[in-house]
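> With the sequence up front, the predicted model follows.
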Amino acid sequence: EDQVTQSPEALRLQEGESSSLNCSYTVSGLRGLFWYRQDPGKGPEFLFTLYSAGEEKEKERLKATLTKKESFLHITAPKPEDSATYLCAVLRNQFYFGTGTSLTVIP
Amino acid sequence: KAGVTQTPRYLIKTRGQQVTLSCSPISGHRSVSWYQQTPGQGLQFLFEYFSETQRNKGNFPGRFSGRQFSNSRSEMNVSTLELGDSALYLCASSLPGTGDGSPLHFGNGTRLTVT
């Protein structure tokens, strides 16, 4: 069964404390892995797409990496404005979403 | 460039009623997908439309239906509402279609509450 699992469910960090979010998947025939950020009351906002193992993408304090069975979203020196829920999604014939990691960055 | 627009933002309905949600995609985007988001289940795929044709459908009952118009705008209908239909309904558009790996661009959703 196609499945996407994100961990941890929630993460609290001090401002400047780097960490990583995990997205593991059992979807076969992967056509892409996507990271989104969702703020309360808003729709998910697209961050990155990764297409093959070994690929990396960076944007400001965020860096996404991909292996054959999981992806990591590394957050370096986070700021309070990075607080949000981060969703990963895997594309096969349709998108399969994880339930997200709720990140809180404390000043 | 305007983003994906969903209307209305909030809806309160009673069990047994029906509801229609509307979505206008980003200009030039021909694919529109609908998702249901609940705290426990996350985002669940409802269906995708491309050039007025339903291309893919998730595991939802027939009470959930949709359509797409020639201008790519889309509507979603839920008939005989149940309490469990309370959720955030998200519409997303993409340029060519879901299968080719293009990212989805989401609207801010319609919050449906069924009492």
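Arrived safely, thanks for sending.
> Per-residue pLDDT of residue B:99, please?
Confidence at residue B:99, expressed as pLDDT, is 59.
> go on, residue B:18?
At residue B:18, pLDDT is 98.
> Also residue A:27?
79.
> wait, is it part of a helix?
No. The assignment for residue A:27 is coil, going by DSSP: H, G, I helix; E, B strand; the rest coil, so no helix is present there.
> OK, contacts around it?
By Cβ atoms under 8 Å, 6 or more residues apart in numbering or on different chains, the contact set of residue A:27 is A:2, A:3, A:4, A:90, A:92, A:96. (Each C-beta comes from the backbone N, C-alpha and C, glycine too.)
> From those residues, list just the buried residues.
A:4, A:90, A:92, A:96 (16 or more other Cβ atoms under 10 Å in any protein chain shown).
> hmm, which two among these are most spread apart?
A:4 and A:92 (10.6 Å; Cβ to Cβ).
> ok, the lowest-mean-pLDDT helix or strand in chain A: who's next to it in the sheet?
Using mean pLDDT, DSSP states H and E, strand A:95-97 stands out as the lowest-scoring helix or strand of chain A, at a mean of 93. Neighbouring strands of strand A:95-97 in its sheet, by DSSP bridges, are strand A:84-91 (antiparallel).
> Write out the residues of chain A neighbouring chain B.
A:31-32, A:34, A:36, A:41-46, A:49, A:51, A:87, A:89, A:91, A:93-100 (Cβ under 8 Å from any Cβ of the partner chain).
> Can I have the buried ones of these as a ChimeraX selection?
Listed next is the ChimeraX selection for buried residues among these, using 16+ other Cβ under 10 Å:
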select /A:32,34,36,43,44,46,49,87,89,91,94,95,96,97,98,99,100
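> circling back: for the helix or strand just after the least confident helix or strand of chain A, give me every contacting residue.
Later in the chain than strand A:95-97, the nearest helix or strand by DSSP states H and E is strand A:101-106. Here strand A:101-106 makes contact (Cβ under 8 Å, 6+ apart) with A:6-15, A:21, A:75, A:78-86.
> Mind checking which of those residues are buried?
Buried by 16+ other Cβ under 10 Å: A:6, A:11, A:13, A:21, A:75, A:78, A:82, A:83, A:84, A:85, A:86, out of the contacts of strand A:101-106.
> Let me know the closest of those residues to residue B:12.
So of these, ranked by how close each gets to residue B:12 (Cβ to Cβ), first place is residue A:85, at 24.6 Å.
> Run through the residues that contact the closest one.
A:37, A:38, A:39, A:100, A:101, A:102, A:103.
> By neighbours, which of these wins?
Highest neighbour count within the contacts of residue A:85: residue A:100, with 24 neighbours (other Cβ atoms under 10 Å in any protein chain shown).
> Hmm, residue A:86 and that residue touching each other?
Yes. Here residue A:100 reaches residue A:86: they are 6.3 Å apart, a contact under Cβ atoms under 8 Å.
> Would you mind listing the residues touching both of these two?
Common neighbours of residue A:100 and residue A:86 (Cβ under 8 Å, 6+ apart) are A:6, A:38.
> where does the closest residue to chain B within chain A land in three-state SS?
Using Cβ to the nearest Cβ, the closest approach of chain A to chain B is made by residue A:43 at 3.3 Å. Three-state assignment for residue A:43 (three-state DSSP): coil.
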